[in-house]
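**Q** This is a predicted model, with the sequence first.
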Amino acid sequence: MAGKYIPLEKYLRGLPESQREVTLRFEQIEEILNGKLPFSAYESKKWWEHEKEGNHVNGRSWTNAGWKVDLVDLSGKWAKFIRTE
């Protein structure tokens with residue numbers, strides 16, 4: 001399961017260092033992952049929380065890339081990531 005989110009980590013790492021934020025629709029994230037987000041990503045903001053350790057491999061993918069989720073809109077189906085470094 002951990003490998004599922006590696007494409008998202010690579011995508012975020014590949015953004016220019018000068019770019020401080022990026023907003024992605026859930027659909028765009030699924031295209032990056034080449035797969036569907038779990039139901040909980042659509043239903044719970046907790047799924048999007050910043051985590052350096054623990055069982056949430058999704059959160060480690062953006063954390064490892066130096067990003068965190070700043071805002072998430074479940075009804076609009078988008079997440080805004082900001083650089084942490």
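**A** Cool, the structure landed. Numbering: from 1, shown residues only.
**Q** helices and strands of the chain: which one bottoms out on pLDDT?
**A** Lowest by mean pLDDT, DSSP states H and E among the helices and strands of the chain is helix 57-64, with a mean of 84.
**Q** residues of that helix that come out buried?
**A** In terms of neighbour count (16 or more other CB atoms under 10 Å), helix 57-64 has its buried residues at 57-63. From N, CA and C alone the C-beta is placed, and that goes for glycine too.
**Q** of all the residues you listed, which comes closest to residue 83?
**A** residue 62 (10.2 Å; CB to CB).
**Q** ok now do the closest one, which residues does it touch?
**A** Going by CB atoms under 8 Å, 6 or more residues apart in numbering, residue 62 touches 8-9, 12, 68-69, 81.
**Q** so which of the residues you listed is the most crowded?
**A** Highest neighbour count within the contacts of residue 62: residue 81, with 25 neighbours (other CB atoms under 10 Å).
**Q** Spit out the contact partners of that one.
**A** If you count contacts by CB under 8 Å, 6+ apart, residue 81 has them with 12, 21-24, 62, 67-70.
**Q** Looking at the residues you listed, which are in helices?
**A** 12, 62 (DSSP state H).
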